[in-house]
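Asks: Below is the sequence, then the predicted model.
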Amino acid sequence: MPQNSRNIPMHPVHMQRPAIIVHENDALCGRGVNIAHHPGNERFRTLVTSRRDEAYCTTYSASEKRAVAEDIIRHIHALDPPGRFLKRDGKGRVSRGLNGPWKELSEREAVKKTYQALRDCNRVDRQGYAIGVVPPPDVVHSATARAESGLSGKQQARQLRRQLLVHM
């Protein structure tokens with residue numbers, strides 16, 4: 001077990017984690033221009049808007065909504081380098097821009113962030129959620145494949161849900 005400068009064993013909770021360096025595929029929690037215009041956040045927003053469906057808030061079941069959210073998260077994680085969902089580490093720390101410290105969101109927090117984004121993009125007062133953002137090629141490819149499937153968004157969500165159940 002590691003020890004501190006007085007040769008007292010350090011509990012793993014007190015050990016320093018390596019600093020997280022933000023890269024272009026990360027989705028960042030936060031506010032401000034630097035966060036909004038970060039390439040990972042722009043990709044995240046275009047992924048979410050590519051799932052826009054007026055029926056989302058009213059007819060999708062909770063498990064279908066979760067399947068859509070998890071599919072978006074899988075897409076971010078499958079990038080090279082793998083995207084992460086990050087938030088500022090520490091309470092009361094004011095940091096601007098992309099400077100850290102950062103920590104990775106739990107799976108539950110990432111799903112919650114994605115649920116909220118999906119709800120927001122389907123609100124009438126949030127129609128400009130990703131206006132002016134050019135979707136990256138991977139998002140275009142994903143959206144095209146879904147469109148060519150001939151399935152509605154709800155049918156795709158139901159299919160994703162079944163796939164998730166099979167892999168559990």
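Replies: Happy to help now that I have it.
Asks: where in this structure is pLDDT low?
Replies: Along the chain, the parts satisfying pLDDT under 70 run over 1-17, 91-97, 124-130, 168.
Asks: now the strands: where do they sit in the chain?
Replies: 27-28, 85-88, 102-104 (DSSP state E).
Asks: OK, contacts around residue 165?
Replies: Contact analysis of residue 165 by Cβ atoms under 8 Å, 6 or more residues apart in numbering lists nothing. C-beta: built from backbone N, CA, C; applies to glycine.
Asks: out of the strands of the chain, deepest packed?
Replies: Greatest average neighbour count among these goes to strand 27-28 (a mean of 24), per mean count of other Cβ atoms under 10 Å.
Asks: Which secondary structure elements does that one sit against?
Replies: Under the contact definition 3 or more Cβ pairs under 8 Å, 6 or more residues apart in numbering; DSSP states H and E, strand 27-28 sits against helix 39-49, strand 85-88.
Asks: most neighbours per residue, which of the ones you listed?
Replies: Mean neighbour count, computed with mean count of other Cβ under 10 Å, is highest for helix 39-49 among the helices and strands packed on strand 27-28, reaching a mean of 22.
Asks: next one: it to chain centre, how far?
Replies: Centre-to-centre, helix 39-49 and its host chain are 8 Å apart (Cα atoms, centre = their mean, to the nearest Å).
Asks: Identify the residues contacting that helix?
Replies: 22-28, 35, 72, 75-76, 83, 114, 117-118, 121, 129-130, 133-136, 138-139, 142.
Asks: if we can go back for a sec, got CSV for the helices and strands packed on strand 27-28, with distance to residue 159 too?
Replies: Below are these laid out as CSV (distance: least, Cβ to Cβ, whole Å):
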stretch, distance to residue 159
helix 39-49, 18
strand 85-88, 24
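Asks: quick one, which of those is nearest to residue 63?
Replies: Distance to residue 63, taken as Cβ to Cβ, is lowest for helix 39-49 among the helices and strands packed on strand 27-28, at 18.6 Å.
Asks: What's the local residue count around the nearest residue to residue 48 once chain neighbours are set aside?
Replies: In space, and not counting its chain neighbours, residue 48 is closest to residue 117: 4.5 Å by Cβ to Cβ, 6 or more residues apart in numbering. Applying other Cβ atoms under 10 Å, we find 22 residues neighbouring residue 117.
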